[in-house]
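Undergrad: give me the fold of what follows.
(chains A and B)
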Number of protein chains: 2
Amino acid sequence: MKIAQIAPLYEAVPPRLYGGTERIVAHLSDALVDLGHEVTLFSSADARTHATLVPVRDQAIRLDPAPLKSDLAAHLSMLHEVRRRADEFDVLHFHVDLLHFPLFQGQPERTLTTLHGRLDLKDLAEAYRCWPHFPLVSISDHQRRPLRFVNWRGTVYHGMPKRLYPFSPCAAGGYLAFLGRISPEKRPDRAIAIARATGLKLKIAAKVDAADRAYFHERIEPLLDDPLVEFIGEIGDADKPRFLGDAIALLFPIDWPEPFGLVMIEAMACGTPVVAWNCGSVPEVVEDGISGRVVDSLAAAIAAVDEVAGYDRQRIRATYERRFSATAMARGYEALYGQHSPGNHVRVRHSA
Amino acid sequence: MKIAQIAPLYEAVPPRLYGGTERIVAHLSDALVDLGHEVTLFSSADARTHATLVPVRDQAIRLDPAPLKSDLAAHLSMLHEVRRRADEFDVLHFHVDLLHFPLFQGQPERTLTTLHGRLDLKDLAEAYRCWPHFPLVSISDHQRRPLRFVNWRGTVYHGMPKRLYPFSPCAAGGYLAFLGRISPEKRPDRAIAIARATGLKLKIAAKVDAADRAYFHERIEPLLDDPLVEFIGEIGDADKPRFLGDAIALLFPIDWPEPFGLVMIEAMACGTPVVAWNCGSVPEVVEDGISGRVVDSLAAAIAAVDEVAGYDRQRIRATYERRFSATAMARGYEALYGQHSPGNHVRVRHSA
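TA: Numbers count the residues shown, from 1 in each chain, chains lettered A, B, ... in the order given. Below is the predicted model of the structure:
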């Protein structure tokens, strides 16, 4: 099929540093190319992709040093260009929330839109009600709950290329791992409590955003003065496979409606089990008793750490490969693209 | 005429605290009602207006305590409702930058769009090139410079109701005034230098945003330890007429391309002359030699303070009434609305 992928312009595809959505668009585009599709990627010019790149901005917005820029204008220009060329594609796959709805409302069936964020925001329901015909994809079933009434076509879980996180047959580091961001909803305090109760070492690899600095200083820093706890700060993509692969388990003690939670599948790809709180996507991503444990309390988490340490890491890797590889994700989308009728093109209405 | 005013949803119309755009939409709507027009205001429900209010959100976004909200979704829902009802109006007057272009591109001639911000942002030119047929209004001629190629229909200066800033026949306070925000581009340091050189007292009524706190502490606070300089912090709307009316002159020593500069006309309404740097809209707003002096250097500003202290304050008020009253602004827009052909309605394309 001829597939257009329309990425956000905030980060490079894939991102130089953070940015979950652009990372997924990168993996999906390459995996669709591997499956034999003609993929065209609309994104900033700093993308690295096997797809045909249509660069619509010289660089991604967030790290662009220009002092004054308009993310809205940049995205509208891109969408204008996508619409101008829409007839070239069988399907237009958008990853920009709902910004494209006004431009493509004459042809919603030509589009597919993956929603990447949490949906329990004030204002969202009313806006999605205004454009009810756009086919939408969730990244977990749980993510849909605040917007049950829209035109959901399926859930496609995120996936990553198999080579990115190689299998690690044993937990050589002998520690528990916490990876991501220090913030109240990520509950690093719970991770520290688990380490203390089990007597296992905990390594925390996490960035501290400006918005979370007060929380870090007031609530977490005092807990770090413990020989069991090592705070190693932020780590890059290159260090993450080793950090996760050497761990006994990843702790994911979150307290918010996580729409997906990429770090869980990164750990599973290494063969590392996950101990995660029952929030958001967690019970969908973790196969309870196989790739980790889904828990509801500190006591259950403490018991789970002992239990998952004995899990078959090869089997966890196999679960990842089956459910969360980039190819699995691409196959999931392929099935949804197939619901579009390539012969049934509505002529695009060009702008005034 | 039947006129729809479409306001941003960030602040109430008029704002409870800051917010220039929503304030202007409030004044314009009321003044158009006074001129006999049927005005419908699309805005948040907390508006106070003589127009017919269409509340499209329960309250303005910025001060809404909801922890999670989407300003994009809120604005798109509003624009969807405006389009649904577009046939009821002779003209749709937008104040939301370019967000409405995709929804109204089938009928740009039914719309008028006032651009309220500076236009020298990366990304803007390309986006405006995508939708070249929308009739636009600038708030100063200078504001247009980065976007000379678009469909400008006129410049309409901002205006305020005459009752808001009553005339003050003499500068009872005997001080120079600086009013607004502490930030590098507002150059409060220049205001302090002028006070020191002239030996006149300076009162600084200004808020310090979080983003400007470091600048305030490092660059401005050390200069405040001077008997001539009084920093009185932020003041509300109720205190501004007295603060401006009692001043010998307003200092407006800016160093950025100000698109309009409301505080200049607030001072002029009180009869208070303005000493302002030659940036952005300044030479258009200040009538050099009548309502103030437009200067290019500290030396010129110092000389100007002496000079403007002798200006005829009644004449400054008269200049304000003629050029910058709300009625003058409404008349300006009325002339532009008249260029629309009320009989020539294109049927609105309703959303899918």
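Undergrad: please name the residues that touch A:V286.
TA: Neighbouring residues of A:V286 by Cβ atoms under 8 Å, 6 or more residues apart in numbering or on different chains: A:M264, A:V274, A:A276, A:G292, A:R293, A:V294. (Each C-beta comes from the backbone N, C-alpha and C, glycine too.)
Undergrad: my guess is A:C270 meets A:C170, correct?
TA: No. In this structure, A:C270 is not within contact of A:C170 by Cβ atoms under 8 Å, at 10.8 Å.
Undergrad: neighbour count: those two, which is higher?
TA: A:C270 (28 against 11; other Cβ atoms under 10 Å in any protein chain shown).
Undergrad: chain neighbours aside, what residue packs nearest to that one?
TA: A:G245 (3.8 Å; Cβ to Cβ, 6 or more residues apart in numbering or on different chains).
Undergrad: who's in contact with that neighbour?
TA: A:Y165, A:P166, A:F167, A:S168, A:A172, A:C270, A:G271, A:T272 are the contacts of A:G245 under Cβ under 8 Å, 6+ apart.
Undergrad: okay, now the domains of chain A?
TA: Domains of chain A are assigned by automatic domain parsing as A:2-161+A:325-334, A:175-323.
Undergrad: with mean pLDDT added, can I get those in a markdown table?
TA: Formatted as a markdown table, these follow (pLDDT from 0 to 100):
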| stretch | mean pLDDT |
| --- | --- |
| domain A:2-161+A:325-334 | 97 |
| domain A:175-323 | 97 |
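Undergrad: quick one: closest of those to B:G20.
TA: Nearest to B:G20 among those is domain A:2-161+A:325-334; the distance by Cβ to Cβ comes to 17.7 Å.
Undergrad: touching chain B at all, that closest one?
TA: Yes. Interface with chain B: domain A:2-161+A:325-334 contributes A:57, A:64, A:66, A:68-74, A:76-77, A:79-80, A:97-99, A:101-103, A:105-106, A:108, A:118, A:120-124, A:126-128, A:130-131, A:133 (Cβ under 8 Å from any Cβ of the partner chain).
Undergrad: buried members of those into ChimeraX, please.
TA: A single ChimeraX command suffices to select whichever of the residues of domain A:2-161+A:325-334 next to chain B are buried according to 16 or more other Cβ atoms under 10 Å in any protein chain shown:
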select /A:57,64,69,70,72,73,74,76,77,79,80,97,98,99,101,102,103,105,108,118,120,121,122,123,124,126,127,128,130,131
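Undergrad: where's the residue nearest to A:C270 relative to chain B, distance?
TA: The gap separating A:G245 from chain B is 35 Å, by Cβ to the nearest Cβ, to the nearest Å.
Undergrad: same question for A:L92.
TA: Between A:L92 and chain B the computed distance is 15 Å (Cβ to the nearest Cβ).
Undergrad: for that residue, helix, strand, or coil?
TA: strand (DSSP: H, G, I helix; E, B strand; the rest coil).
Undergrad: so who does it touch?
TA: Here A:L92 is in contact with A:A4, A:I6, A:V82, A:A86, A:F104, A:R110, A:T111, A:L112 (Cβ under 8 Å, 6+ apart).
Undergrad: from those, which land in helices?
TA: Applying DSSP state H to the contacts of A:L92, the entries found in helices are A:V82, A:F104.
Undergrad: contacts for the helix or strand that contains A:I265?
TA: In the assignment (DSSP states H and E), A:I265 maps to helix A:262-270. For helix A:262-270, contacts defined as Cβ under 8 Å, 6+ apart pick out A:20, A:23, A:157-160, A:162, A:164-168, A:177, A:179-180, A:240-241, A:244-245, A:247, A:249-250, A:252, A:273-274, A:276, A:282, A:285-286, A:291-292, A:316-317, A:319-321, A:324.
Undergrad: so which of the contacts of A:G245 sit within strands?
TA: Among the contacts of A:G245, none falls in strands (DSSP state E).
Undergrad: which two from the residues you listed end up farthest apart in space?
TA: The span of those, defined through Cβ to Cβ, is set by A:Y165 and A:A172 at 15.2 Å.
Undergrad: beta partners for A:T114?
TA: With beta bridges defined as DSSP bridges, A:T114 has these partners: A:V137.
Undergrad: is it true that it touches A:Q143?
TA: No. Assessed by Cβ under 8 Å, A:T114 is found out of contact with A:Q143, at 10.4 Å.
Undergrad: any idea of the angle the helix or strand that contains A:L79 forms with helix B:71-84?
TA: Using DSSP H and E, A:L79 sits within helix A:71-84. Angle of helix A:71-84 versus helix B:71-84, following axes from the mean of the first three to the mean of the last three Cα atoms, to 10 degrees, is 60 degrees.
Undergrad: enumerate every residue touching A:D246.
TA: Counting by Cβ under 8 Å, 6+ apart, the residues that A:D246 touches are A:S168, A:A171, A:A172, A:G173, A:G174, A:Y175.
Undergrad: can you do 6 Å?
TA: A:D246 makes contact with A:A172, A:G173 under the criterion Cβ atoms under 6 Å, 6 or more residues apart in numbering or on different chains.
Undergrad: please apply the same query to A:S168.
TA: With Cβ under 6 Å, 6+ apart, A:S168 has these contacts: A:G245, A:C270, A:G271.
Undergrad: correct me if wrong: A:Y337 contacts A:V91.
TA: Yes. Using Cβ atoms under 6 Å, A:Y337 is in contact with A:V91, at 4.8 Å.
Undergrad: more crowded one of these two?
TA: Per other Cβ under 10 Å, whichever of A:Y337 and A:V91 has more neighbours is A:V91, with 22 against 18.
Undergrad: pretty sure the more buried one sits against A:Q339.
TA: No. With contact defined as Cβ under 6 Å, A:V91 does not reach A:Q339; the gap is 9.3 Å.
Undergrad: tell me the spacing between A:A328 and A:V156.
TA: Using Cβ to Cβ, to the nearest Å, we find A:A328 at a distance of 9 Å from A:V156.
Undergrad: more neighbours: which of those two?
TA: Ranked by neighbour count (other Cβ under 10 Å), A:A328 and A:V156 place A:V156 first, with 23 against 18.
Undergrad: could you find the closest non-adjacent residue to the more buried one?
TA: Among residues not flanking A:V156 along the chain, A:G332 sits closest, at 3.8 Å (Cβ to Cβ, 6+ apart).
Undergrad: please apply the same query to A:A205.
TA: Nearest one to A:A205, counting by Cβ to Cβ, 6+ apart, is A:I235 at 4.5 Å.
Undergrad: so which residues of the stretch 101-250 of chain A form strands?
TA: With DSSP state E, counting those that start in this stretch, the ranges of strands along the stretch 101-250 of chain A come out as A:111-114, A:136-138, A:152-155, A:175-181, A:201-207, A:229-231, A:247-252.
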